[in-house]
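Participant: Predicted model, plus sequence, below.
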Amino acid sequence: MSRPLEIEVSELAATQIRAAADWWRLNRPKAPNAIHEELERAARLISLQPQIGARARNVALAGVRRLHLARSRFDLYYRVVSEPEHVEVLALWHSSRETGPPELG
């Protein structure tokens, strides 16, 4: 087994994650930490198997993948960067929106 890739979270994604977690905590009192729990599981998964996400077809940026978080219905957008090799989390975007994150083109 290869070692897990490091994960770097962009400023945009960090802002979106904070906003989603804050909203969830206020509006879903029976599962206030669901966003963080789902993101922790997703991070473990993509650090070990970065190709697991579907290719994001709704963004212009090359090499972006999308992992659907079923419980919260968010999509986690990320890509593998080669030098040094790591996973870059680009955005957290709710799947009910008709388009992908505009910042990703």
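Facilitator: Received, thanks.

Participant: show me what contacts Ser95?
Facilitator: Going by CB atoms under 8 Å, 6 or more residues apart in numbering, Ser95 touches 68, 73-75. No exception for glycine: its C-beta is placed from N, CA and C like everyone else's.

Participant: can I get those residues in JSON lines with neighbour count, secondary structure and pLDDT?
Facilitator: Converted to JSON lines, these look like this (neighbours: other CB atoms under 10 Å; DSSP: H, G, I helix; E, B strand; the rest coil; pLDDT from 0 to 100):
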{"residue": "His68", "neighbour count": "13", "secondary structure": "strand", "pLDDT": "95"}
{"residue": "Arg73", "neighbour count": "10", "secondary structure": "coil", "pLDDT": "93"}
{"residue": "Phe74", "neighbour count": "24", "secondary structure": "strand", "pLDDT": "93"}
{"residue": "Asp75", "neighbour count": "22", "secondary structure": "strand", "pLDDT": "94"}
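
Participant: buried set for the helix or strand encompassing Leu12?
Facilitator: Assigned by DSSP states H and E, Leu12 belongs to helix 11-27. Buried residues in helix 11-27, counted by 16 or more other CB atoms under 10 Å: 12-13, 16-17, 20-21, 24.
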